[in-house]
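Q: need a structure here:
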Amino acid sequence: MTSPKFRPLTFGVTRVNLRDGAPGVHYLRADQPLLDYPGRMTDRLQHWAQVAPDRTFMARREKLADCGTGDWRHVSYANAWASACSIAQALINRGLSVDRPVAILSENDLEHALLGLGCMLAGVPFVPVSPAYSLVSQDFDKLRHVFRTVTPGLVFAADATRYGRAIKAAVDADIEVALTSGEMDGRGSTSFAELLATPVTAQVDAAMAATGPDTIVKFLFTSGSTKLPKAVINTQRMWCANQQQMTQSMPVLASEPLVLVDWLPWNHTFGGNHNFGMVVFHGGTMYIDDGKPTPALMAETLRNLREIAPTVYFNVPTGFEAIANAMKTDDTLRKNLLSRVKMFFYAGASLAQPVWDSLYASQEREVGERIVMTTGLGMTESGPFAIFVTNPNVKAGDLGVPTPGMELKLVDMDGKTEVRYRGPNISPGYWRDPKESAAHFDEEGFFCSGDAVKWIDETDVHQGLKFDGRIAEDFKLATGTFVSVGPLRARIVAAGAPYIQDVVLTGINLKEVGAMVFPTQAVRALSGLDAGAPMADVLSSAPVIAHFQHVIDTLAKTASGSAGRIARMCLLAEPPTLDRGEVTDKGSINQRAVLAHRAETVEALHADRLHTILKPQAL
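A: Numbering: from 1, shown residues only. The predicted structure is shown next:
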């Protein structure tokens with residue numbers, strides 16, 4: 001058999017240096033140093049405003065009166081710089097600072113981007129807050145916690161209609177509110193246009209000159225699934241170093257002007273640091289995608305990808321699954337998306353092999369070659385980029401090797417190996433929480449990630465690492481046997497594709513492992529029922545039950561012991577929710593949050609009290 005042909009892609013790090021430490025400890029580094037990088041992201045913005053003033057920095061479709069979207073509205077680098085200077089002056093006039101930063105409540109848009117840039121010039125941190133805390137939450141507890149933690153001096157939201165209720169409930173009356181559109185009854189506000197109209201003085205240059213590598217540029221909050229969210233400190237050094245690391249690991253980023261079509265939320269490090277940052281760093285163009293990998297919004301993403309051809313493309317597994325399904329029949333989507341894209345990149349969860357295969361089939365059909373699907377590992381506290389794959393032959397679960405300038409510490413822990421990070425891209429800690437900060441660094445200053453890894457090939461360390469689950473997610477059965485959650489979940493998702501979105505494993509301190517399955521919308525077609533049928537009816541239909549019975553039987557045949565055998569399974573009609581922390585903004589599941597909020601279902605599953613429980617049939 002001939003090897004598949006891939007569109008050319010250079011991998012910047014393919015070899016590593018490994019050294020032993022104390023018993024059960026190893027250290028891993030890339031075999032190349034981190035090259036020089038700027039001290040501030042604002043230096044890169046200013047550079048591109050001078051070198052490519054007319055290039056589009058960011059574009060977003062105009063919102064129409066009927067709630068649809070129209071033509072693209074573009075902001076050039078020159079316009080972005082001028083707007084950021086005016087906004088910076090407005091923030092300086094208000095005396096905002098690290099103790100009184102700017103909180104941004106609304107989704108990705110041009111005003112959000114410009115406000116963030118203005119904050120950077122003024123040396124005022126900004127805080128992109130999960131929109132779910134304002135739009136989905138009913139009690140606004142997490143939103144109030146964010147405000148208590150960072151004590152903002154200015155709160156921004158896109159419009160009064162959607163965010164007014166949250167602002168009235170959680171924002172103190174003495175805090176200024178800025179809005180792009182609308183007004184709030186009984187409360188004054190400042191229009192975004194007023195910020196943009198602020199005359200610029202020499203104070204802006206002075207404020208920018210006063211910033212440096214240690215200046216805090218933003219606070220990004222963790223998901224807060226088991227505790228209240230923590231404010232991760234992001235400095236200019238951390239962000240700039242990570243962008244240089246990304247460039248050396250992924251040389252494609254600097255090979256031509258970047259074009260992104262991107263929906264990933266800026267309150268999360270993947271969208272807000274990784275992707276937003278690479279556009280500023282490399283003078284690229286981002287088309288803000290108002291779509292999302294959900295049944296209601298995926299059509300907008302597909303529309304944008306039919307029109308705008310990215311040079312690299314980032315998404316989460318559910319997004320790639322929807323794109324793979326659409327490309328089977330959508331000729332325009334295939335032609336445009338694949339016309340110049342050099343690399344795909346997924347993160348957040350495991351990508352099922354059938355999705356991978358479908359993408360490859362469409363690519364070979366359209367362009368006669370495959371687009372390399374890449375991935376890696378990182379977290380908010382690492383900037384986020386930390387580990388990246390080394391070759392095009394990536395398999396589900398592969399992570400790769402450390403990026404230049406960062407050292408990994410591999411520590412044996414109860415049969416698992418935790419990966420820990422140290423380098424210029426690592427956060428100094430959590431804002432106003434010294435106890436929590438200290439708890440996450442070990443005695444050598446390595447950040448303890450909680451992620452478990454193992455070698456892709458123990459005989460060849462240069463292939464790097466693969467994911468082995470979250471140490472905190474693993475649990476013991478009543479027999480004392482450890483259940484390795486990550487790999488087992490990946491097996492279940494793969495066995496049930498394309499009908500499984502994700503799985504939460506149960507059985508802590510019990511005799512058997514159970515599985516609660518979140519199905520994809522594809523089960524509706526499998527059921528044969530009308531499109532509007534309740535999900536509960538869909539999941540209890542004979543074809544769906546038969547499919548998942550086959551899944552659990554197939555898994556049982558390959559299980560090597562009680563810790564790898566799914567003894568009981570149920571299908572969940574209610575999807576995971578952001579408000580309860582069951583799923584993050586980028587779509588990854590949180591095992592512990594689901595178990596906590598669905599404790600009654602877990603108990604009923606193991607007590608045989610659910611209406612439908614699937615169990616392996618006798619072999």
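Q: what's the neighbour count on H547?
A: Applying other C-beta atoms under 10 Å, we find 17 residues neighbouring H547. C-beta here means a position set from N, CA and C on the backbone, and glycine is covered the same way.
Q: so it versus A559, what's the distance?
A: Per C-beta to C-beta, to the nearest Å, H547 is found 19 Å from A559.
Q: flag the shaky bits of the stretch 151-300 of the chain, pLDDT-wise.
A: 224-227 (pLDDT under 70).
Q: wait, is F518 part of a strand?
A: Yes - counting by DSSP: H, G, I helix; E, B strand; the rest coil, F518 is found in a strand.
Q: run a quick neighbour tally on it.
A: 20.
Q: what's near enough to touch it?
A: Neighbouring residues of F518 by C-beta atoms under 8 Å, 6 or more residues apart in numbering: I500, Q501, D502, V503, V504, L572, P575, P576, I589.
Q: tell me the mean pLDDT for stretch 472-492?
A: Model confidence over stretch 472-492, given as mean pLDDT, is 83.
Q: starting at the chain centroid, how far to it?
A: 24 Å (C-alpha atoms, centre = their mean, to the nearest Å).
Q: hmm, who's touching that stretch?
A: Counting by C-beta under 8 Å, 6+ apart, 350, 396-397, 414-416, 450, 452, 467-470, 500, 502-505, 507-513, 515, 517, 551, 555, 561-564, 566, 591-592 sit against stretch 472-492.
Q: now with 7 Å?
A: 350, 396-397, 415-416, 450, 467-470, 500, 503, 505, 507-511, 513, 515, 555, 562-564, 566, 591-592 (C-beta atoms under 7 Å, 6 or more residues apart in numbering).
Q: by neighbours, which of the contacts of F518 wins?
A: Most surrounded of the contacts of F518: other C-beta under 10 Å gives D502, at 27 neighbours.
Q: secondary structure class for that one?
A: With three-state DSSP as the basis, D502 sits in strand.
Q: ok, it touching Q591?
A: No - with contact defined as C-beta atoms under 7 Å, D502 does not count as touching Q591 (9.3 Å).
Q: what ranges does the stretch 151-300 of the chain have for its strands?
A: For the stretch 151-300 of the chain, applying DSSP state E, counting those that start in this stretch gives strands covering 154-159, 176-181, 190-191, 216-221, 231-235, 259-262, 285-288.
Q: returning to that earlier point: what's the lowest-pLDDT member of the contacts of F518?
A: Among those, I589 has the lowest pLDDT, at 77.
Q: nearest spatial neighbour of it, chain-adjacent residues omitted?
A: D502 (4.2 Å; C-beta to C-beta, 6 or more residues apart in numbering).
Q: got it, and L117?
A: A84 (3.8 Å).
Q: show the pLDDT at the one you found.
A: At A84, pLDDT is 98.
Q: kindly export the one helix or strand it maps to (C-alpha atoms) in CSV.
A: Using DSSP states H and E, A84 sits in helix 77-93. Coordinates of the C-alpha atoms in helix 77-93 are reproduced here as CSV (Å, rounded to 0.1, in the frame of the first residue of the first chain):
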residue,chain,number,x,y,z
TYR,A,77,-4.9,47.6,11.0
ALA,A,78,-4.7,51.3,10.7
ASN,A,79,-8.3,51.7,11.9
ALA,A,80,-7.7,49.2,14.7
TRP,A,81,-4.6,51.2,15.9
ALA,A,82,-6.4,54.5,15.8
SER,A,83,-9.5,53.2,17.5
ALA,A,84,-7.4,51.5,20.2
CYS,A,85,-5.6,54.8,20.9
SER,A,86,-8.9,56.6,21.4
ILE,A,87,-10.2,53.9,23.6
ALA,A,88,-6.9,53.8,25.6
GLN,A,89,-7.3,57.6,26.2
ALA,A,90,-10.9,57.0,27.4
LEU,A,91,-9.7,54.4,29.9
ILE,A,92,-6.8,56.6,31.1
ASN,A,93,-9.3,59.5,31.6
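Q: can you give me the mean pLDDT across the following helix or strand past it?
A: Going down the chain from helix 77-93, the next helix or strand is strand 102-104, by DSSP H and E. Here strand 102-104 scores 98 as its mean pLDDT.
Q: what's strand 102-104 packed up against?
A: helix 110-122, strand 126-128, helix 141-150, strand 154-159 (3 or more C-beta pairs under 7 Å, 6 or more residues apart in numbering; DSSP states H and E).
Q: nearest residue to A103 in space, ignoring adjacent ones along the chain?
A: P152 (3.9 Å).
Q: need the contact list for that neighbour.
A: P152 is in contact with R100, P101, V102, A103, V127, I175, counting by C-beta under 7 Å, 6+ apart.
Q: and the fourth one, what are its bridge partners?
A: Okay, so that is A103. Bridge pairing for A103 (DSSP bridges) gives the partners V127, V155.
Q: follow-up on the earlier one: okay if I get the contacts of F518 as TSV plus distance to E381?
A: Output for those, formatted as TSV (distance: C-beta to C-beta, whole Å):
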residue	distance to E381
I500	30
Q501	27
D502	24
V503	26
V504	24
L572	31
P575	28
P576	24
I589	20
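Q: hmm, V419 and V453 touching each other?
A: Yes - at 4.8 Å, V453 and V419 qualify as touching, with contact defined as C-beta under 7 Å.
Q: so for these two, which residue has more residues nearby?
A: In this view V453 and V419 are compared by other C-beta under 10 Å, and V419 has more residues nearby, 26 against 23.
Q: surely that one is in a helix?
A: No - counting by three-state DSSP, V419 falls outside a helix, being strand.
Q: so what's it up against?
A: By C-beta under 7 Å, 6+ apart, the neighbours of V419 are L408, L410, S449, D451, V453.
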